[in-house]
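1. from the sequence below, what's the structure:
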Amino acid sequence: MARPPVEVRLATTADVDALMELYQQARYEQVHLRTPVEQVRTRLDQALRDGAVRVLLATVGERPAGYALLSPHALLPLTATPGPCVEHLHVVPEMRRRGVGRCLLRRALAMAQEEGAEELSCTVLPQDREYTRYMARLGFAPVVVRRAAPLAVLRRRLFPEDPATEDVLARRRSLRGRLARAHAAVVGSAGASPAPEGLVAQRREPRRRGSLSDAVTPTVQSAS
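-> Take a look at the predicted model:
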């Protein structure tokens, strides 16, 4: 029996349920997809209504087999040749190696040509080696490298003199100072007069806690 052909069409808001099922499958394979599902659902529905993105939905028979999310933005808005970008491409595992991904990209290519674009770009993650190799075999070459930083980290680096940052650093310095003084007091008292063996063990215990080797050693000694 012949396999049903792969069909690709533009998704609409009526396809949000099917798209979210595919997205949830992708989350298990791609750990960078950490945004809560309901939040993604809301954004996707609104983006499809506004035309901010276009999503190609591939089906085999009546079954959704994969999707490609396209944005209209060029990689470098002022200098790059305008053309759509494949921001995310996913094919369900059991439908792979059947040409589903190729059919999605063929449709994306046709759309780019209809719009007069000269190139089609894509977004790949460094850790997704299989997808990177797949796109490279089709002719996609590295163009730009994009990096991201959490705003909290960026603020600490750009505004080291910010009062909030100074307050955190001051508290850390104060804590280190108290720990150093407490340690010096313990060492000094130990040097002045020998402490009972049990007390010394109690003082040392917090410093040993959490060490795997320390947790194993007493067991070995008791067994010997």
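2. contacts and neighbour counts: CA atoms only from here.
-> Noted.
3. Gln24: neighbouring residues, count only.
-> 13 (other C-alpha atoms under 10 Å).
4. and the gap between the residue nearest to it when sequence neighbours are not counted and Val16?
-> Leaving aside its sequence neighbours, Gln24 sits nearest to Val37 (C-alpha to C-alpha, 6 or more residues apart in numbering; 7.4 Å). Distance of Val37 to Val16, given as C-alpha to C-alpha, to the nearest Å: 12 Å.
5. one more: Leu175?
-> 52 Å.
6. is Thr123 in contact with Val86, as I believe?
-> Yes. Thr123 is in contact with Val86 according to C-alpha atoms under 8 Å; the separation is 6.3 Å.
7. show me the protein divided up by domain.
-> Listed by automatic domain parsing, the domain ranges of the chain are 6-148, 152-219.
8. what about the longest one, start to end distance?
-> By that I understand domain 6-148. 36 Å.
9. average pLDDT for that domain?
-> For domain 6-148, the mean pLDDT works out to 90.
10. please renumber the chain so that the first residue is 59 from this point on.
-> From this message on, residue numbering opens at 59, which makes the last subject domain 64-206.
11. and that domain, how far out from the chain's middle?
-> Remark: domain 64-206 is offset 16 Å from the chain centroid, using C-alpha atoms, centre = their mean, to the nearest Å.
12. deepest of the domains of the chain, which one?
-> Mean neighbour count (mean count of other C-alpha atoms under 10 Å) peaks for domain 64-206 among the domains of the chain, with a mean of 15.
13. surely Gln185 is in a strand?
-> No. Counting by DSSP: H, G, I helix; E, B strand; the rest coil, Gln185 is not part of a strand but coil.
14. for it, give me phi and psi.
-> Gln185 has phi and psi values of phi -80, psi -10 when expressed as degrees, to the nearest 10.
15. pull up the pairing partners for the strand ranked longest in the chain, direction included.
-> If you go by DSSP state E, the chain has its longest strand at strand 121-129. Its sheet considered, strand 121-129 pairs with strand 112-118 (antiparallel), strand 143-149 (antiparallel) by DSSP bridges.
16. how about JSON lines for those, with distance to Tyr81 added?
-> What follows is the strands paired with strand 121-129, written out as JSON lines (distance: least, C-alpha to C-alpha, whole Å):
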{"stretch": "strand 112-118", "distance to Tyr81": "12"}
{"stretch": "strand 143-149", "distance to Tyr81": "8"}
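17. leaving out the residues flanking it, which one is nearest to Gly124?
-> Val149 (4.1 Å).
18. for the one you found, what are its contacts?
-> Counting by C-alpha atoms under 8 Å, 6 or more residues apart in numbering, Val149 touches Ala123, Gly124, Tyr125, Val158, Gly159.
19. between the residues you listed, which sits nearest Ala207?
-> Tyr125 (28.2 Å; C-alpha to C-alpha).
20. got the contact list for the closest one?
-> Tyr125 neighbours (C-alpha under 8 Å, 6+ apart): Leu77, Leu80, Val113, Leu114, Leu115, Ala116, Leu147, His148, Val149, Leu162.
21. switch these over to JSON lines; also include distance to Ala194.
-> Output for the contacts of Tyr125, formatted as JSON lines (distance: C-alpha to C-alpha, whole Å):
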{"residue": "Leu77", "distance to Ala194": "26"}
{"residue": "Leu80", "distance to Ala194": "24"}
{"residue": "Val113", "distance to Ala194": "22"}
{"residue": "Leu114", "distance to Ala194": "21"}
{"residue": "Leu115", "distance to Ala194": "23"}
{"residue": "Ala116", "distance to Ala194": "22"}
{"residue": "Leu147", "distance to Ala194": "14"}
{"residue": "His148", "distance to Ala194": "16"}
{"residue": "Val149", "distance to Ala194": "17"}
{"residue": "Leu162", "distance to Ala194": "16"}
